[in-house]
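A.B. asks: Got a predicted model here, sequence first, then my questions.
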Amino acid sequence: MPCFRIARRALGMLGAAALLAAQLGSAAQAADAWPSKPIRIIVPNPPAGPSDIAIRPLAAAVQKALGQPVIVENRAGANGNIGAAEVARAPADGYTWFWAMDPVLTVNKHIYKSLGYSSDAIVVLNAAARFSQTLICNPALGFKSVKDMVDAARTRELSYATGGAGSPGHLVMESLLSATGAKMVHIPYKGPAPAMQDLMGGQVDCGFLAAPTVLPQIHSGRVTALATSGKTRSTLLPQLPTIAESGYPEFDGTFWLFLAAPKGVAPEIQQRFLQAMEQAIRSPQQQEKVKSVDIEMVGSSPEQAQQKARELSEKWGDLARKIKLKAE
């Protein structure tokens with residue numbers, strides 16, 4: 001090979017190495033300088049819901065720890081897909097994070113023909129909190145237990161209300177029906193409030209809804225509470241058994257709140273943000289604040305969170321295929 005070709009190849013390799021070194025140096029400088037501007041956390045739900053209430057004190061604590069504003073932005077719609085799409089398309093620079101109920105990341109990809117983004121573009125980093133749903137029925141039915149409802153559903157047509165297809169209430173009821181062999185007619189609503197109104201009015205028989213939504217109506221006797229869906233009892237309704245305690249010991253209808261980010265955030269930035277968030281999650285003050293919305297703060301490593309997301313995706317994906325659940 002002529003000398004000039006060898007020289008040209010050597011120069012090319014040196015140039016590539018210099019470019020790579022410059023890129024790595026630039027990334028390292030960006031990580032060192034982070035955060036230098038406000039950080040935002042996207043929540044794919046309207047303000048004042050349980051997940052929104054849970055993240056706001058966390059954001060305040062992280063803001064104090066990092067010395068930059070941490071802004072919670074609500075991007076509701078399309079069962080969480082609007083907020084998720086915004087996160088998926090955001091730069092992986094550590095200034096955009098995602099706080100979402102697990103069905104947004106574990107169910108939607110199984111039931112939507114098009115999400116509007118690649119599900120691989122978002123990485124779960126912390127299984128921050130867990131929560132359950134409360135099974136309620138119209139008092140006129142006279143049900144006193146989960147068994148009463150299941151037995152009735154085997155002999156006559158009953159209906160159940162949810163906040164929408166693919167919502168936690170929908171998933172957990174179908175999971176219970178699948179476990180018991182009973183059948184009920186699903187009546188989806190645009191959110192839990194109208195579902196609750198029609199349940200109280202007798203237009204629909206039962207439903208799984210979040211404890212903060214149903215608590216006043218349970219105490220007033222306008223609905224009858226039968227059980228909660230998680231492995232442990234609700235702190236708001238400690239007298240109420242879980243479904244597992246009601247004759248179905250393998251049942252677990254626990255849902256999670258995940259902290260996630262666009263794929264590709266530098267490990268150094270991830271570590272700093274997650275350290276501040278984990279400290280806030282585990283603080284006694286935060287544990288106390290979320291009791292009013294029936295959420296239990298947990299926290300995890302990224303590896304634990306990703307394993308949990310895989311397990312839930314498999315679980316809910318299997319259910320979605322079994323009941324042929326699709327959403328537009």
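C.D. replies: Nice, thanks for sending it over. Note that the structure is a prediction, hence the values are computed from the model and not measured. Residues are numbered from 1 along each chain as shown.
A.B. asks: For stretch 258-267, buried residues please.
C.D. replies: Going by neighbour count (16 or more other Cβ atoms under 10 Å), the buried part of stretch 258-267 is Phe258, Leu259, Ala260, Ala261, Pro262, Val265, Ala266. For every residue, glycine as well, the C-beta is placed using N, CA and C.
A.B. asks: How about stretch 78-97?
C.D. replies: Neighbour counts over stretch 78-97 (16+ other Cβ under 10 Å) mark 78-81, 83-88, 90, 93-97 as buried.
A.B. asks: coming back round to it: and the buried residues of stretch 258-267, which is closest to Asp120?
C.D. replies: For those, the closest approach to Asp120 (Cβ to Cβ) belongs to Pro262, at 10.8 Å.
A.B. asks: Not counting sequence-adjacent ones, nearest residue to that closest one?
C.D. replies: Spatially, and ignoring its direct neighbours in sequence, Pro262 is nearest to Ala92 (4.4 Å; Cβ to Cβ, 6 or more residues apart in numbering).
A.B. asks: Check the secondary structure at the one you found for me.
C.D. replies: Three-state call for Ala92 (DSSP: H, G, I helix; E, B strand; the rest coil): coil.
A.B. asks: Surely it is in contact with Ala260?
C.D. replies: No - the pair Ala92 / Ala260 is not scored as a contact, 11.8 Å apart, by Cβ atoms under 8 Å.
A.B. asks: Which strands or helices does the lengthiest strand in the chain pack on?
C.D. replies: With secondary structure taken from DSSP state E, the chain has its longest strand at strand 122-131. Here strand 122-131 touches helix 50-66, helix 81-88, strand 255-262, helix 267-281, strand 295-297, helix 302-322, going by 3 or more Cβ pairs under 8 Å, 6 or more residues apart in numbering; DSSP states H and E.
A.B. asks: go with 6 Å
C.D. replies: On a contact count with 3 or more Cβ pairs under 6 Å, 6 or more residues apart in numbering; DSSP states H and E, strand 122-131 meets strand 255-262, strand 295-297, helix 302-322.
A.B. asks: Sheet partners, orientation included, of the very next helix or strand once past that strand?
C.D. replies: Using DSSP states H and E, the helix or strand that follows strand 122-131 in sequence is strand 134-137. Strand pairing for strand 134-137, using DSSP bridges, gives strand 206-209 (antiparallel), strand 224-228 (antiparallel).
A.B. asks: quick one: the spatially most central residue of the chain from Ser300, how far?
C.D. replies: Centre of the chain computed as the mean C-alpha position; nearest residue by Cα atoms, centre = their mean is Met101, 1.3 Å away. Going from Met101 to Ser300 by Cβ to Cβ, to the nearest Å gives 16 Å.
A.B. asks: That'll do, ta.
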